[in-house]
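Asks: pasting the sequence and the predicted coordinates here, then a few questions.
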Protein chains: 2
Amino acid sequence: MNHDPVKRLPGWATMSDVAHAAGVSLMTVSRVYKNPSAVSAATRERVLNEGDRLGFVPNMLAGNLASGRSAMIGIVVPSLRNSNNANSIQGMADRLRQASYQFMITNTGYSLDAEALAVEAFIRRRPDGLVLTGTRHSDETYALLRGSGLPVVEVWETEGPIIDMATGFRNREAGGEIARYLIAQGYDRIGYVDYPVPGLRRYEARRDGALDALRQAGLRADIVVSPLSTDVTEDTSSFRGGTSGLQQLLDAGGVRAVLCASDLLAVGVMFEAQRRGMRVPEDLAVAGFGDFEIAAEIPPGLTTIRTQGYQMGWAAADMLISRIEGLPIDTEIKNVDYALVKRGSA
Amino acid sequence: MNHDPVKRLPGWATMSDVAHAAGVSLMTVSRVYKNPSAVSAATRERVLNEGDRLGFVPNMLAGNLASGRSAMIGIVVPSLRNSNNANSIQGMADRLRQASYQFMITNTGYSLDAEALAVEAFIRRRPDGLVLTGTRHSDETYALLRGSGLPVVEVWETEGPIIDMATGFRNREAGGEIARYLIAQGYDRIGYVDYPVPGLRRYEARRDGALDALRQAGLRADIVVSPLSTDVTEDTSSFRGGTSGLQQLLDAGGVRAVLCASDLLAVGVMFEAQRRGMRVPEDLAVAGFGDFEIAAEIPPGLTTIRTQGYQMGWAAADMLISRIEGLPIDTEIKNVDYALVKRGSA
DNA sequence: AGCGGTAACGTTAGCGCTAACATGTGGATT
DNA sequence: AATCCACATGTTAGCGCTAACGTTACCGCT
């Protein structure tokens, strides 16, 4: 007689199989894998042995369905290729791994509609929390998140209304700080190379902070160029954006110093200056934003703002985990430190 | 009288709720969301309206459990910060999104033990397939994969025994090609700056291919340095590896040309050369590997091998999807093209 | 002896969905 | 008019696990 249903074709050993083999109930097996301290050492050992022998790997889909918790986080970023972003992702990954969470990730190419789709796709998997980039989202995204009641952390910006929690830094302040540094160095005619993607609060804030500082110093604050980007979904225009940015600034009458919305733009400016035989900083001072790895390496060193993406990502994951697990949270809006890093370029 | 179980606290609308509201059976709602063409247009509309009204979002955990398919892929990479790697991840992401798959990703820091842990953590979520980096894995990883019967694609290397499928390119051949180019340019004393992480087949293959070419040309093939890395889990040593690599080569008697295991090392070499007042290529020729974005931008342009990470990632996802969906696969081992890109540095 | 308490298990009742099969309906076909 | 068939929908039986509660054995205590 065959009591087994025909269905059991190739698949996995189940808790039930392990329970039979070990001569215990299904629930005891569950406890061994989920809450080992609730089982006596002898039983635990026996169950684990049988589990290993049968190649048992717990099915979290089933566990998640039964428990209503998934230990899964969804992360939405504009681009997977942005290396500064990679630091914050690594920070999240490390904190999440530490707490036994896993994550799904997707990129939106800076499109708010793509973001809404991504959020819905994630929610279908019932994650325990979400990380979004920036504080500007579509109505549909807001509706989905409201309906879900999920913990959400927004990263990189703390400007603007936040959904639930946010980590970032004061972009506007930081933009002002590096501009004031250039001013204090005595550079008078200062140009600004903006980020190629319009509508991003964090880049607007940096720029506005910098321009305000220029105005307050009585300097021109209208030498602003934005590299043309026909392909805004790609970050690959970043160095080239600096190249075309410097070209535009020179066409517009030249500058003594260039402030860039990101280090990659600044490196592009430095490369272009090198090509034109302009010395940095003697002929042209350059400052960036982000303290990407290359900033310390490129001669003569790029003066920039260090933004601590890794720490920010870690903090984002940390807040999310606290909220999920019902632990107290110091503050819903966490600004990580930034720091002016002075190097040879300005 | 309260027929509802107390459990139904805050949660989500379920298919059952939508079915009641729309006056159809649960199964019809399921069809509307999973296989719309099996439902009449009128019914479909009604169900979707009620679904929207109730804020219904299908619970894939439940669906996956019932169907045994998850439309989820696990991707294991050594590092999330490696920008060339990011291209291949983007390629996978784009192909997967196109086919409505999502992915989890984790980094191992080049540790095979961490890889095994990651693979088990993924398998607990019953993905439909896995992507691993490289062809060298721990016994535990092999056992897990064998037990799972899951489709697996290994990327970046096609050397060595493969588990199921692989995409990459001929690292050895490519290493030989760029070395022969340097030789043909007439450079005689050629040094090699290796990758800081030992034991990676793809980097060993590049180096061996290059050194063979040098030997065949009757040149010295023993001017090989490996940047010391106290922190092999981080890629952040990459530019700096080039810096220390050039220092070591100069200490060892100097070279006319440097061949690097990656573009980032090559850029580090170029920066160090600039600092020392050595002109590239007049005093020192430099060649890299990978054609990272910066290779085209840094003056005078970095001669390198273009490896098409994006296409490789796309191909990996494509093969995986084909296997999952039972479609035919041309070949289990797919080598994408690489190309020598000649620029000003060598 | 009788009591309560606790550790270590077991039993029950689902979680929300889908595969597989069953049923009903309205033509087209003969 | 009987038959067949395709289409649209419903019914049944789980998928593999966990929360919640129930049971048992054994301990120390009065």
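Replies: Structure's in. What do you need?
Asks: quick one: distance of stretch A:202-209 to the chain centre.
Replies: 18 Å (CA atoms, centre = their mean, to the nearest Å).
Asks: let me fix that: stretch A:332-340
Replies: 14 Å.
Asks: what residues does it touch?
Replies: A:158, A:162, A:164-170, A:174, A:177-178, A:181, A:303, A:305-308, A:311-312, A:315, A:319 (CB atoms under 8 Å, 6 or more residues apart in numbering or on different chains). Using the backbone N, CA and C atoms, a C-beta is placed for each residue, glycine as well.
Asks: swap the cut-off to 6 Å and go again
Replies: Contacting residues not belonging to stretch A:332-340 are listed as A:158, A:165-167, A:169-170, A:174, A:177, A:181, A:305-308, A:311-312, A:315 [CB atoms under 6 Å, 6 or more residues apart in numbering or on different chains].
Asks: ditto for stretch A:308-325
Replies: A:84, A:87-88, A:91-92, A:95-96, A:99, A:128-129, A:131, A:151, A:153, A:155, A:165, A:167, A:329, A:334, A:336.
Asks: can you do 7 Å?
Replies: Outside stretch A:308-325, the residues that touch it by CB atoms under 7 Å, 6 or more residues apart in numbering or on different chains are A:73, A:84, A:87-92, A:94-96, A:99, A:101, A:128-129, A:131, A:151, A:153, A:155, A:165, A:167-168, A:329, A:334, A:336-338.
Asks: so A:L214 sits right up against A:I190, yeah?
Replies: Yes. A:L214 is within contact range of A:I190, at 6.1 Å (criterion: CB atoms under 7 Å).
Asks: what about the contacts of stretch A:308-325, which are in helices?
Replies: Taking DSSP state H, the ones among those that sit in helices are A:N84, A:N87, A:S88, A:I89, A:Q90, A:G91, A:M92, A:D94, A:R95, A:L96.
Asks: wait, what's in contact with the third one?
Replies: Contact partners of A:S88, counting by CB under 7 Å, 6+ apart, are A:V155, A:G309, A:Y310, A:M312, A:G313.
Asks: mind checking what secondary structure the third one has?
Replies: For A:Y310, the reduced secondary structure class is helix; criterion used: DSSP: H, G, I helix; E, B strand; the rest coil.
Asks: returning to that earlier point: inside strands: which ones of the contacts of stretch A:332-340?
Replies: Mapping the contacts of stretch A:332-340 onto strands (DSSP state E) picks out A:M165, A:A166, A:T167, A:I305, A:R306.
Asks: can you pick the most crowded of these?
Replies: Using other CB atoms under 10 Å in any protein chain shown as the neighbour criterion, A:T167 leads the ones in strands among the contacts of stretch A:332-340 with 29 neighbours.
Asks: return the residues in contact with that residue.
Replies: A:V153, A:V155, A:M312, A:A315, A:A316, A:M319, A:K334, A:V336.
Asks: reformat the residues you listed as CSV; add pLDDT.
Replies: Shown next, in CSV, are the contacts of A:T167 (pLDDT from 0 to 100):
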residue, pLDDT
A:V153, 98
A:V155, 97
A:M312, 97
A:A315, 97
A:A316, 98
A:M319, 97
A:K334, 96
A:V336, 95
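Asks: and these as a markdown table, adding distance to B:G253 and neighbour count?
Replies: Shown next, in a markdown table, are the contacts of A:T167 (distance: CB to CB, whole Å; neighbours: other CB atoms under 10 Å in any protein chain shown):
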| residue | distance to B:G253 | neighbour count |
| --- | --- | --- |
| A:V153 | 54 | 28 |
| A:V155 | 49 | 31 |
| A:M312 | 46 | 24 |
| A:A315 | 49 | 23 |
| A:A316 | 50 | 31 |
| A:M319 | 55 | 27 |
| A:K334 | 53 | 21 |
| A:V336 | 47 | 20 |
